[in-house]
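> Sequence and predicted structure below; questions after.
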Amino acid sequence: MTVSKKEIDRLTDLLNGYAYAYYVEDNPSVPDSEYDKLLHELMELEEKNPEHKRDDSPTERVGGEPLKQFKKVEHTVPMLSLSNAFDADELRDFDRRVKSGLDHDPTYMCELKIDGLAVTLRYENGRFIQGATRGDGSIGEDITHNLKTIPSIPLRLKEAATLEVRGEAFMPKKSFERLNEAKKEREEALFANPRNAAAGSLRQLDPKIAADRSLDIFIYSIGAIEGKQLSSHSEGLDYVRELGFKTNKEAERCETIEEVIAYCEKWVEKRADLPYEIDGIVVKVDSFDDQSDLGFTAKSPRWATAYKFPAEEVVTTLRRIELSI
Ligand SMILES: CC(C)(CNC(=O)c1ccc(Oc2ccccc2)cc1)c1ccc2c(N)nc(N)nc2n1
């Protein structure tokens with residue numbers, strides 16, 4: 001092995017480790033200046049030895065040439081939608097329906113419903129192959145070139161797994177405010193909310209735009225997987241975390257619907273403190289056996305629902321009215 005290949009491999013592994021700590025674990029291990037210095041060294045070595053550049057190189061994050069158009073992608077497993085529950089009694093109704101389909105009480109998983117853009121990511125032998133929007137649930141748009149620029153999306157997994165995962169790509173509140181500040185300076189139209197900003201960034205043909213938008217992602221389910229038996233949704237989340245994916249740390253197991261309701265009420269109050277926007281709570285029956293006993297309606301699972309929050313601006317307006325009284 002030549003010196004430059006060895007050095008390129010060393011720098012690629014070192015920088016990927018730093019990026020994982022910073023973007024996936026939210027636990028920076030080196031100062032940005034150190035990261036940038038090493039990244040520059042790697043870029044120079046890759047320029048001189050392009051044959052040794054790895055497909056999981058951190059230099060992939062800057063975004064290549066713009067596409068001419070988007071390719072359509074058919075999802076191997078459909079991306080279903082969620083039924084809604086708008087108050088505690090509707091959650092209790094959901095619980096009654098679930099229990100009528102099972103011969104035992106279910107365990108639930110509760111997760112924050114991130115207000116972003118649903119995407120699906122395909123990996124073969126541990127390498128990121130393709131990413132797409134949800135589209136109509138069966139067919140989406142290929143946005144691989146943009147998703148590659150999101151640092152919390154691994155380009156190579158910790159195991160050579162072949163699977164498809166789903167998640168919500170989003171723009172953190174601080175990045176949204178910075179972006180709109182910059183747009184205001186340039187007298188450009190502002191984005192209405194972080195969700196529109198994330199969607200607008202990922203639907204660009206030029207990946208350098210997405211690369212500059214500080215996007216992030218939380219993985220929330222496994223679409224398809226080869227050669228692995230999983231028994232529950234929570235076991236699936238543990239497995240994708242082991243592979244190197246970023247999942248949301250606020251997810252909790254609830255043994256009763258009253259615990260689910262308490263979790264929802266807690267987050268109605270705490271949502272303003274989060275560094276990203278959420279529009280509700282997703283409640284899922286955890287066991288895959290229970291999920292397959294319950295099955296699906298025409299477009300959504302019977303074993304999951306979304307507790308929807310009132311839109312934040314409504315709450316803010318009410319707060320403004322309260323303050324003015
Ligand atoms: C529960 C599910 C709808 C995903 N699940 C599916 O899409 C899905 C799809 C085919 C399935 O099985 C089939 C396989 C083949 C054919 C038909 C169904 C099972 C689940 C969903 C949707 C949106 C979510 C969201 N915004 N945030 C979180 N945290 N979780 C979410 N979970």
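Received, thanks. Residues are numbered from 1 along each chain as shown.

> residue contacts, the closest residue to residue 108 other than its chain neighbours?
Nearest in space to residue 108, with sequence neighbours left out and distances taken as CB to CB, 6 or more residues apart in numbering, is residue 254 at 4.5 Å. Every C-beta, even on glycine, is put in place using the N, C-alpha and C of the backbone. Contacts for residue 254 (CB atoms under 8 Å, 6 or more residues apart in numbering) come out as 107, 108, 109, 110, 260, 263, 283.

> at 7 Å instead, please
Taking CB atoms under 7 Å, 6 or more residues apart in numbering, we find residue 254 in contact with 108, 110, 260, 263.

> before we move on, what SS does the second one have?
For residue 110, the assignment made with DSSP: H, G, I helix; E, B strand; the rest coil gives strand.

> Could you do the third one as well?
Three-state secondary structure (criterion: three-state DSSP) places residue 260 in helix.

> got a list of what it touches?
91, 108, 110, 254, 283.

> Equivalent analysis for the first one, please.
If you count contacts by CB under 7 Å, 6+ apart, residue 108 has them with 254, 260, 283, 284, 285, 286.

> Among those, which lie within helices?
Counting by DSSP state H, the part of those found in helices is residue 260.

> Name the nearest of the contacts of residue 108 relative to the ligand.
The shortest approach to the ligand among the contacts of residue 108 belongs to residue 284, at 5.9 Å (CB to the nearest ligand atom).

> Now the phi/psi pair for the closest residue to that closest one other than its chain neighbours, please.
Closest residue in space to residue 284, ignoring its immediate chain neighbours: residue 304 at 4.4 Å, by CB to CB, 6+ apart. Note on residue 304: backbone dihedrals following degrees, to the nearest 10 are phi -150, psi 150.

> wait, doesn't residue 304 sit right on residue 281?
No: the criterion here is CB atoms under 7 Å, and residue 304 misses it with residue 281 at 11.0 Å.

> quick one, which of those two is more surrounded?
Between residue 304 and residue 281, counted using other CB atoms under 10 Å, residue 281 has the larger neighbour count: 27 against 24.

> these two touch, right, that one and residue 109?
No: between residue 281 and residue 109 there is no contact under CB under 7 Å: 10.5 Å.

> Pairing partners for the lengthiest strand in the chain, with directions?
Determined from DSSP state E, the single longest strand within the chain is strand 216-225. Sheet pairing of strand 216-225 (DSSP bridges) gives strand 163-170 (antiparallel).

> Contact residues of the protein facing the ligand?
Within reach of the ligand by CB under 6 Å from any ligand atom, the chain has these residues: 77-80, 82, 111, 113, 118, 168, 220-221, 282, 284, 296, 301, 304.

> What subset of these is buried?
For the residues of the chain next to the ligand, a burial check counting by 16 or more other CB atoms under 10 Å picks out 79-80, 82, 111, 113, 118, 168, 220-221, 282, 284, 301, 304.

> can you name the two of those that are farthest apart?
Maximum pairwise distance in those, criterion CB to CB, is 16.9 Å, between 168 and 301.

> Name the helix or strand for residue 279, please.
Per DSSP states H and E, residue 279 falls inside strand 278-285.

> That strand: what's the following helix or strand?
Downstream of strand 278-285, the first helix or strand assigned by DSSP H and E is helix 288-294.

> After that following helix, which helix or strand is next?
Next along the chain after helix 288-294, taking DSSP H and E as the criterion, comes strand 304-308.

> what's that following strand packed up against?
strand 83-85, strand 278-285 (3 or more CB pairs under 7 Å, 6 or more residues apart in numbering; DSSP states H and E).
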